[in-house]
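>>> when you get a sec, could you give me coordinates for this:
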Amino acid sequence: MHMIEIVTLGSFAIKVNGADITDSFKKTKKLMQLLNLLIVNKNKPIPVDTICDIIWNDDAIDTYKALHNLVYRMRKYFEKHGEKDSIIFNNRTYMLNTELDLWVDIHLFEDYYLNALKPDVTEAEKMELLLKAIELYNGEYIFNTICGDTHSIPHALWCRRMFSEAVCMFSDLCLDHKEYDRMLPVCYRAISLEPLDEQIYLRAINALRSKDMDGQATALIESYYDIMYREMGIRDSDSLSKIYKELNGPATNAKYNVGQILGELQEISSVNKSMFCNFEVFKNVYRYEVRQQERIGNLIIIILAELFCASEVKSPDIAIANANKHFHECCMITLRKGDMFAVYSPSQTLIMLILEKEEDLNTALDRLRNQFYSRVKNEKVYLKFDIQSSIP
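Next up is the predicted model:
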């Protein structure tokens with residue numbers, strides 16, 4: 001047993017010398033946001049101003065005092081169970097005390113993955129390291145859900161990317177050595193955790209075909225069609241269509257006909273250049289697109305657009321609501337096909353842009369900003385963008 005144990009992948013739990021203090025942390029979102037920053041920035045001091053900007057982003061309160069109180073509360077939870085000096089303050093920065101007996105699943109997960117990539121490890125050692133990383137991953141980096149801010153999204157994506165690549169590298173080594181029975185349980189578990197990852201399906205299907213299990217390979221392809229269509233209305237890949245045809249002939253009997261899906265998508269595309277959806281759909285499409293676009297070299301940028309009023313506005317909620325309608329109309333007109341946006345809060349909109357090069361970002365934002373201000377002249381409602389790249 002470690003003195004401090006923190007679980008972040010798939011669920012959240014924190015224990016100090018065996019005592020479960022999970023509920024103490026989950027009571028306060030800002031406490032969870034602070035813990036998230038300390039975990040993500042392991043071995044790296046975080047400036048006070050950076051923490052305040054991320055957690056509060058509000059000039060109306062004394063953020064330094066609020067942070068001091070928040071750190072005090074966190075320290076008390078640790079000290080109550082015998083762990084002093086859990087958080088170090090030095091030169092106006094905070095960080096977790098790494099000299100403590102500290103076990104954090106995401107740190108170990110990342111270490112196993114990165115060690116597997118070192119050129120001096122043997123193939124057998126690489127497989128063991130990858131398998132240890134895979135076994136530690138039990139789902140999405142939980143702070144992405146708990147904290148509900150855009151600063152958690154890039155790290156959650158990085159975890160998914162490491163997991164996907166670990167499963168794929170492990171599977172490729174198993175395929176090379178014809179260890180199909182060793183890799184298939186790993187692939188099935190990975191699919192249950194990340195059901196949109198096409199590359200894992202492809203490797204599992206290859207293993208099934210190598211074992212002359214064409215029926216199960218077909219069923220796995222159809223389950224992928226099912227999920228992609230039900231969850232997002234997105235067609236399958238060319239790779240899977242080709243395999244399906246090899247197994248069954250033309251894919252006219254697939255559970256969801258690809259031509260039908262494309263037709264429905266084209267109907268949507270003819271109405272809207274960009275896609276407006278709810279937050280859950282946004283997250284699912286984002287997870288899919290980031291892998292697809294990364295392979296062809298495009299960038300995916302996440303933007304949190306926020307509307308705020310001048311202090312003299314008498315009915316700010318009404319003003320924001322009216323401005324939001326204008327802003328969403330601007331998104332429909334200005335954003336390109338493939339881009340996506342979703343309501344995040346009454347005053348905030350999440351936007352996903354797909355760009356060929358980073359220089360295109362300012363052009364896209366300027367176009368959106370100009371369209372918006374042309375519609376809300378003299379209303380004293382303002383727009384600001386918080387930009388997050390997809391990969392940390």
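
>>> when you work out contacts or count neighbours from here on, use the C-alpha atoms and nothing else.
OK.

>>> any idea of the mean pLDDT for the host helix or strand of Asn36?
In the assignment (DSSP states H and E), Asn36 maps to helix 29-40. The predicted model assigns helix 29-40 a mean pLDDT of 90.

>>> could you dump it to CSV, C-alpha only?
Extracted in CSV, the C-alpha atoms of helix 29-40 (Å, rounded to 0.1, in the frame of the first residue of the first chain):
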residue,chain,number,x,y,z
LYS,A,29,-15.4,21.3,-8.2
LYS,A,30,-12.6,23.8,-7.7
LEU,A,31,-10.8,21.4,-5.4
MET,A,32,-11.0,18.8,-8.1
GLN,A,33,-9.7,21.4,-10.7
LEU,A,34,-6.7,22.1,-8.5
LEU,A,35,-5.9,18.5,-8.0
ASN,A,36,-6.2,18.0,-11.7
LEU,A,37,-3.6,20.7,-12.4
LEU,A,38,-1.2,19.3,-9.8
ILE,A,39,-1.5,15.8,-11.3
VAL,A,40,-1.2,16.8,-14.9
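
>>> contacts for the helix or strand just after it next, please.
From helix 29-40 onward toward the C-terminus, using DSSP H and E, the following helix or strand is strand 46-47. Contacts to strand 46-47, defined as C-alpha atoms under 8 Å, 6 or more residues apart in numbering, come from residues Leu38, Arg92, Thr93, Tyr94, Met95.

>>> can we see that at 7 Å?
Arg92, Thr93, Tyr94, Met95 (C-alpha atoms under 7 Å, 6 or more residues apart in numbering).

>>> the last one in helix, strand or coil?
What it means is Met95. Following DSSP: H, G, I helix; E, B strand; the rest coil, the label given to Met95 is strand.

>>> circling back to that earlier point, any of the contacts of strand 46-47 buried? List them.
Burial by neighbour count, 16 or more other C-alpha atoms under 10 Å: within the contacts of strand 46-47 this picks out Tyr94, Met95.

>>> chain center to the helix holding Asn36: distance?
Computed by C-alpha atoms, centre = their mean, to the nearest Å, the chain-centroid distance of helix 29-40 equals 16 Å.

>>> buried sites along that helix?
For helix 29-40, burial by neighbour count (16+ other C-alpha under 10 Å) applies to Lys30, Leu31, Met32, Gln33, Leu34, Leu35, Asn36, Leu37, Leu38, Ile39.

>>> my read: the fourth one touches Cys147, true?
Yes - if you go by C-alpha atoms under 7 Å, Gln33 and Cys147 touch, sitting 5.8 Å apart.

>>> low-scoring stretches of the stretch 101-250 of the chain, by residue?
Residue ranges of the stretch 101-250 of the chain with pLDDT under 70: 148-151, 229-237, 249-250.

>>> all strands for it, in order.
102-104 (DSSP state E, counting those that start in this stretch).

>>> which residue is the nearest non-sequential neighbour of Tyr188?
Ala204 (7.7 Å; C-alpha to C-alpha, 6 or more residues apart in numbering).

>>> wait, a helix at Tyr344?
No - counting by three-state DSSP, Tyr344 falls outside a helix, being strand.

>>> so what's the closest residue in space to it that isn't next to it in sequence bridging to?
Take Tyr344 and drop its neighbours on the chain: the residue closest to it by C-alpha to C-alpha, 6+ apart is Leu350, 6.0 Å away. Taking DSSP bridges as the rule, Leu350 bridges to Leu304, Ala342.

>>> just the one 5 residues further on next, same as before
Beta-bridge pairing of Leu355, defined through DSSP bridges, involves Leu299.

>>> hmm, it is touching Ile300, no?
Yes - taking C-alpha under 7 Å as the definition, Leu355 is a contact partner of Ile300 at 6.4 Å.

>>> okay, those two: which has more neighbours?
Ile300 (24 against 19; other C-alpha atoms under 10 Å).

>>> got the CA coordinates for the lengthiest helix in the chain in CSV?
Ranked by residue count, the top helix of the chain under DSSP state H comes out as helix 153-176. C-alpha atoms of helix 153-176 as CSV (Å, rounded to 0.1, in the frame of the first residue of the first chain):
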residue,chain,number,x,y,z
ILE,A,153,-9.8,17.9,-22.9
PRO,A,154,-6.2,17.9,-24.3
HIS,A,155,-4.9,15.7,-21.5
ALA,A,156,-7.9,13.3,-21.8
LEU,A,157,-7.1,13.0,-25.5
TRP,A,158,-3.4,12.4,-24.8
CYS,A,159,-4.4,9.5,-22.5
ARG,A,160,-6.7,8.0,-25.1
ARG,A,161,-3.9,8.4,-27.7
MET,A,162,-1.4,6.6,-25.5
PHE,A,163,-3.9,3.8,-24.8
SER,A,164,-4.8,3.4,-28.5
GLU,A,165,-1.1,3.3,-29.6
ALA,A,166,-0.2,0.9,-26.8
VAL,A,167,-3.0,-1.5,-27.8
CYS,A,168,-2.0,-1.2,-31.5
MET,A,169,1.7,-1.7,-30.9
PHE,A,170,1.0,-4.7,-28.6
SER,A,171,-1.4,-6.2,-31.2
ASP,A,172,1.1,-5.7,-34.0
LEU,A,173,3.8,-7.6,-32.1
CYS,A,174,1.3,-10.4,-31.3
LEU,A,175,0.3,-10.6,-35.0
ASP,A,176,4.0,-10.8,-36.0
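
>>> before I go, just wanted to say thanks for your time.
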